[in-house]
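Trainee: give me coordinates for this.
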Amino acid sequence: MDKNNVGKKAFLIFITALFCVIACFGFSILINNKYNSEIHRDTFSGEGLFSAANADRPVSVLAEARSSTWGKVFDFNNEGLTENNYQAYTYDFTVKNNTRDRVKDFSFKLKFNGEVFLSSAWNGALEIHQNVKENEVTETVSDLREFVPEDYKLRTVNVDGENLIPMNAGDYLVYIPSSTMNAMEVPIEPYEATTPGIILYVPIEESIENAELELDYTFNRALTAEPLFWLAVAGLAVWLTALIVFAITSAQIRKYKERHERDNEIINESIETFTGFIDAKDPYTNGHSKRVAIYTRLIAEKFGYTGDELDRIYYIALLHDCGKIGVPDNILGKPDKLTDEEFKIIKSHTVRGGEILSHFKSLKGAGEGALYHHERYDGRGYPEGKAGEDIPFIARMICVADAYDAMNTNRVYRKRLTKEQIISEIETNKGKQFDPKVADVMLELLHNDKLPV
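Mentor: Predicted coordinates:
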């Protein structure tokens, strides 16, 4: 596979994976923000407000009246009352966070079902909703302990010098917690609580246990509490690990390829040097081995060979005439017709080449080109008279490339043939000397001028 394609594919995979991880982070943030912006609401009344039965709720409220109390005479009609007819209660409203999340903010609405009088409250502010002459009056008192009636539109009464705010059935107040450093009622940490307090006067032998409390609250959940966040973190860790592994592996592969290319260069130079000795024995065929190797490589490419396999074919073709090292120079360069004995010596170079290359174990099939490149497709070649598909395919490719170079170069006994003559010779010998498929590829290269001069 092309290394550029591999790099592009790897890049796309890493970009896609990173996008998925970022998407997980984004979704976890969206989910977290949505959860934190949601207003939760619970209602407590009767026993549910004044007992610990609601402690299993995410945020619970427990109202309790303190044991210390006192009474007062409320004689609004000047009837001369002397007995205490109203009792003062200090009510603590414990708001407890029963979750692992922080309660960012809360408020509660306390609705009364009977007559009460507001005396005092601490820490937070009170938003008071009072029905005055069939009209609702709403005022927010930041600190009831410093209440000045003249500053508000609320209906008030003064008993024994104390300013009180009367609340009838249906009236209600909203408690707004304080976030100041002194009070620090919000936020409420996990499994922690805060306790606002309100002092109320109620008729003797009555209480506010029939009141209704409506609690609104929001959470401030940490992003790390979201499962999707940790999935994204795990994904990022895997992505970074894969990136590091890929980078290290790519560097090692790059080094291996560089070393492999250097080794191939050394092998190529060594083989070319060796074949140069062979070609130098015959000045009329100088460069023949390299040209045949180039032509064979071009043919092999047309048959779909690539990469290391193509290099292997090139090297085998480069060595196809190595057996000529043992042929005497006077026979190789003889300008006259060879005798039968001399021709026999010439033909022996195929067997000698096969024997020489049989020791070349690192180049698979190294001897096939040298031993069989003079075999003919019709079985009339040498040294073994193999025919058709019995001849190794690499030898059939070298056979055509070798013949083309012989026709395309000057020899001691003739001048090089023209392109038209070469095409005619190859066409004539298809199925005889040459494998028809290989011959067709060579003809295609010739017609398209794809063969180097």
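Trainee: what residues of stretch 224-234 count as buried?
Mentor: Ala225, Glu226, Leu228, Phe229, Ala232 (16 or more other Cβ atoms under 10 Å). Just so you know, the C-beta spots here come from the backbone N, C-alpha and C atoms, and that holds for glycine as well.
Trainee: and the pLDDT for the second one?
Mentor: In the prediction, the pLDDT value recorded for Glu226 is 90.
Trainee: quick check: it vs Ile39, distance?
Mentor: 19 Å (Cβ to Cβ, to the nearest Å).
Trainee: any idea how the chain splits into domains?
Mentor: Taking automatic domain parsing as the reference, the chain has its domains at 39-223, 281-447.
Trainee: report all helices and strands that the helix or strand of the chain with the lowest mean pLDDT contacts.
Mentor: Lowest by mean pLDDT, DSSP states H and E among the helices and strands of the chain is helix 329-332, with a mean of 76. Packing partners of helix 329-332 (3 or more Cβ pairs under 8 Å, 6 or more residues apart in numbering; DSSP states H and E): helix 340-357.
Trainee: can you tell me which of the domains of the chain is most buried?
Mentor: Highest mean neighbour count of those: domain 281-447, a mean of 18 (counted as mean count of other Cβ atoms under 10 Å).
Trainee: from the middle of its chain, how far away would stretch 200-207 be?
Mentor: Distance of stretch 200-207 from its chain centroid, counting by Cα atoms, centre = their mean, to the nearest Å, is 67 Å.
Trainee: distance between the ends of it?
Mentor: From its first residue to its last, stretch 200-207 covers 9 Å (Cα to Cα, to the nearest Å).
Trainee: Leu213 sits in which helix or strand?
Mentor: Taking DSSP states H and E as the definition, one finds Leu213 inside strand 212-220.
Trainee: strand partners of that strand, parallel vs antiparallel please.
Mentor: Counting by DSSP bridges, the strands paired with strand 212-220 are strand 40-45 (antiparallel), strand 102-111 (antiparallel).
Trainee: who touches the shortest one?
Mentor: By that I understand strand 40-45. If you take Cβ atoms under 8 Å, 6 or more residues apart in numbering as the criterion, strand 40-45 is touched by 54, 57-59, 61, 63, 210-219.
Trainee: try 10 Å this time
Mentor: 48-51, 53-54, 57-63, 93, 103, 106, 108-111, 113, 209-219 (Cβ atoms under 10 Å, 6 or more residues apart in numbering).
Trainee: repeat for stretch 233-246
Mentor: Outside of stretch 233-246, the residues within contact range by Cβ under 10 Å, 6+ apart are 10, 13-14, 17-18, 20-25, 28, 224.
Trainee: in PyMOL, how would I select the buried members of these?
Mentor: A single PyMOL command is used to select the members of these judged buried by 16+ other Cβ under 10 Å:
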select buried, resi 17+21+24+25+28
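Trainee: in helices only, show me the contacts of stretch 233-246.
Mentor: When DSSP state H defines the helices, the subset of the contacts of stretch 233-246 inside them is Ala10, Ile13, Phe14, Ala17, Leu18, Cys20, Val21, Ile22, Ala23, Cys24, Phe25, Ser28.
Trainee: contacting residues for the second one?
Mentor: Right, Ile13. Ala242, Phe246.
Trainee: gap between it and Trp239?
Mentor: 10 Å.
Trainee: the first one now?
Mentor: Ala10 is 13 Å from Trp239, where distance means Cβ to Cβ.
Trainee: over to the fourth one?
Mentor: Ala17 sits 5 Å away from Trp239 when distances are taken as Cβ to Cβ.
Trainee: swap in the third one?
Mentor: Taking Cβ to Cβ as the criterion, Phe14 is separated from Trp239 by 7 Å.
Trainee: packing partners of the longest strand along the chain?
Mentor: Scanning the chain for the strand with the most residues, using DSSP state E, yields strand 59-72. In this structure, strand 59-72 makes packing contacts with strand 40-45, helix 47-50, strand 86-97, strand 102-111, strand 193-194, strand 197-203, strand 212-220, judged by 3 or more Cβ pairs under 10 Å, 6 or more residues apart in numbering; DSSP states H and E.
Trainee: compare these and say which comes out lowest on pLDDT.
Mentor: helix 47-50 (a mean of 86).
Trainee: gap between that one and the chain center?
Mentor: Counting by Cα atoms, centre = their mean, helix 47-50 comes out at 53 Å from the chain centroid.
Trainee: who does that helix touch, helix- and strand-wise?
Mentor: strand 40-45, strand 59-72, strand 212-220.
Trainee: just want the angle from the first one to strand 86-97.
Mentor: Inter-element angle recorded for strand 40-45 and strand 86-97: 150 degrees (by axes from the mean of the first three to the mean of the last three Cα atoms, to 10 degrees).
Trainee: what's near enough to touch the residue lying farthest from the centre of the chain?
Mentor: Among residues of the chain, the one most distant from the C-alpha centroid is Gly80; the distance is 85.0 Å, by Cα atoms, centre = their mean. Taking Cβ under 10 Å, 6+ apart, we find Gly80 in contact with Val73.
Trainee: residues contacting the closest residue in space to Asn123 that isn't next to it in sequence?
Mentor: Counting by Cβ to Cβ, 6 or more residues apart in numbering, Asn123 lies nearest to Ala183, which is 4.1 Å off, once chain neighbours are set aside. When contacts are counted by Cβ under 10 Å, 6+ apart, Ala183 touches Trp122, Asn123, Gly124, Pro177, Thr194, Pro196.
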